[in-house]
Structures are given as structure tokens and as C-alpha cells.
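Peer 1: curious how this folds, go ahead:
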Amino acid sequence: MNPRTATVERSTKESEVFVELNLDGTGASQIETGVPFFDHMLAQLAKHGGLDLTVRTRGDLEVDAHHTVEDTALALGQALNSALGDRSGLRRYGDALVPLDECLVQSAVDLSGRPYLVHEEPDLVELIGSYDTTLTRHIWESLVATAQITLHVRVISGRNAHHVVEAQFKSVARSLRDAVARDPRVVGVPSTKGTLTAS
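Peer 2: Predicted structure coming up:
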């Protein structure tokens with residue numbers, strides 16, 4: 001089995017991002033973005049997605065967390081796209097329904113080669129610590145753009161902002177875990193058109 005790993009370094013005037021990803025990991029993570037709640041969410045993605053994930057980001061937090069979070073999500077999507085290779089032998093689809101106390105989140109992913117996001121969540125308080133809750137949708141937008149996947153995330157119920165965001169990350173993690181899994185019954189790329197890449 002070829003290792004499904006990727007390393008991405010992304011550098012702009014707004015941030016420096018390093019991401020190392022192993023799709024066949026154990027859920028181990030080392031996350032440091034300078035945004036503690038975002039670190040917590042990325043750790044959830046790794047743990048419940050069965051991914052080994054290292055993220056080190058230095059961003060312009062003196063402005064706000066936007067560039068740091070966005071650029072990290074873009075780099076993570078790039079790493080996922082690279083680690084997937086030509087996407088042969090994969091299940092391709094994954095979905096999950098994840099509860100967290102009063103909150104319930106449904107997600108579904110398709111490793112389609114086509115970036116598309118559908119995201120539904122209730123209005124939330126603006127901040128969780130230094131984390132701007134309006135960034136959650138932008139994280140998924142950035143991730144799908146560079147990972148070239150289709151992602152649906154729907155918050156079915158929930159009122160606590162921490163729970164609403166965390167359940168999204170856990171649900172997406174479980175969906176990804178299933179979608180990226182190798183399926184011994186799949187020969188080649190799981191698509192009748194013969195490709196799951198944008199090329």
C-alpha cells in the first residue's frame with residue numbers, strides 16, 4: 001500500500017502555514033495556529049477522522065484571526081487533495097450524523113474532484129474565545145476549494161455555539177474517514193467517467 005501522506009507549506013504576507021497529513025493515521029495531532037479554539041477543532045478533525053495531522057501557522061493575529069484560519073484551511077485542503085492522489089480504490093462517499101448534547105449535525109462528503117459546499121447553521125454568538133464563529137462556514141469553503149471535494153454540512157439542532165461548531169468538525173471528520181477509506185471491491189477510480197480530478 002502506498003503511503004497517503006502530504007506536506008504543504010503556504011507563505012503569504014499574511015501568514016506562514018505548515019501542514020503535514022497522513023490519511024492512514026491514528027488520530028494523532030500537533031496543532032498550533034495561535035487561535036486556541038481553532039486548534040481544538042482541528043484536533044477533533046484529526047482524532048475523529050483517523051488522521052495524523054501537524055499544523056503550524058503564524059498569522060497576522062494583530063489584525064484578527066481571519067487570515068490565519070482561512071490560510072490554514074486552504075493549506076489543509078491542498079494536503080488532503082495531494083494525499084488522495086488519483087483517488088483510485090476509495091469509497092469516495094461518506095456521511096455522518098453526530099450528536100453533541102443538545103446539538104445534532106449531519107454531513108456528507110463526495111471526493112468528486114468538484115469543489116462545492118452546502119452549509120446550514122443557526123445564528124450564533126459572535127465569539128468563542130478569540131474565534132469568530134462566522135469563520136466556520138469560511139473554513140469549509142476554503143477546504144473544499146483546494147481539496148476539490150463536495151461537502152454538505154447541516155446543523156439540525158443546537159443552541160450552544162461551542163457545541164454547534166464542534167459537532168460540525170466531528171461530523172465532517174467521520175464523513176471524511178469513511179470517504180477516504182480504501183475499498184477492496186473498488187477497482188480503479190470510483191467513477192464511470194474514469195477520473196475524480198479537476199484536470
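
Peer 1: name the element the residue nearest to residue 157 when sequence neighbours are not counted belongs to?
Peer 2: Excluding the flanking residues, the one nearest residue 157 by Cβ to Cβ, 6 or more residues apart in numbering is residue 104, at 4.8 Å. Yep, even glycine has a C-beta here, placed from its N, CA and C like the rest. Here residue 104 sits within strand 103-110, counting by DSSP states H and E.

Peer 1: low-confidence stretches in the protein?
Peer 2: 1, 187-196, 198-199 (pLDDT under 70).

Peer 1: what about the helices in it?
Peer 2: Applying DSSP state H to the chain gives helices spanning 36-49, 66-84, 135-147, 161-179.

Peer 1: could you export the ones you listed as CSV, including mean neighbour count?
Peer 2: Converted to CSV, the helices of the chain look like this (neighbours: other Cβ atoms under 10 Å):
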stretch, mean neighbour count
helix 36-49, 22
helix 66-84, 23
helix 135-147, 21
helix 161-179, 24
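
Peer 1: indicate which one of these is closest to residue 24.
Peer 2: Among the helices of the chain, the nearest to residue 24 by Cβ to Cβ is helix 66-84 (9.2 Å).

Peer 1: report the angle between the closest one and helix 161-179.
Peer 2: 20 degrees (axes from the mean of the first three to the mean of the last three Cα atoms, to 10 degrees).

Peer 1: hmm, back to that, so what secondary structure elements neighbour the strand holding residue 104?
Peer 2: Other elements packing on strand 103-110 under the criterion 3 or more Cβ pairs under 8 Å, 6 or more residues apart in numbering; DSSP states H and E are strand 93-100, strand 150-157, helix 161-179.

Peer 1: wait, what's in contact with residue 41?
Peer 2: Counting by Cβ atoms under 8 Å, 6 or more residues apart in numbering, residue 41 touches 165-166, 169.

Peer 1: swap in 6 Å and give it another go.
Peer 2: Residue 41 makes contact with residue 169 under the criterion Cβ atoms under 6 Å, 6 or more residues apart in numbering.

Peer 1: residue 197 versus that one, what's the distance?
Peer 2: 28 Å (Cβ to Cβ, to the nearest Å).

Peer 1: now the strand holding residue 104: how far from the chain's centre is it?
Peer 2: Strand 103-110 has its C-alpha centroid displaced from the chain centroid by 12 Å (Cα atoms, centre = their mean, to the nearest Å).

Peer 1: quick revisit: wait, which of the helices of the chain is closest to residue 23?
Peer 2: Nearest to residue 23, of all the helices of the chain, is helix 66-84, at 5.0 Å by Cβ to Cβ.
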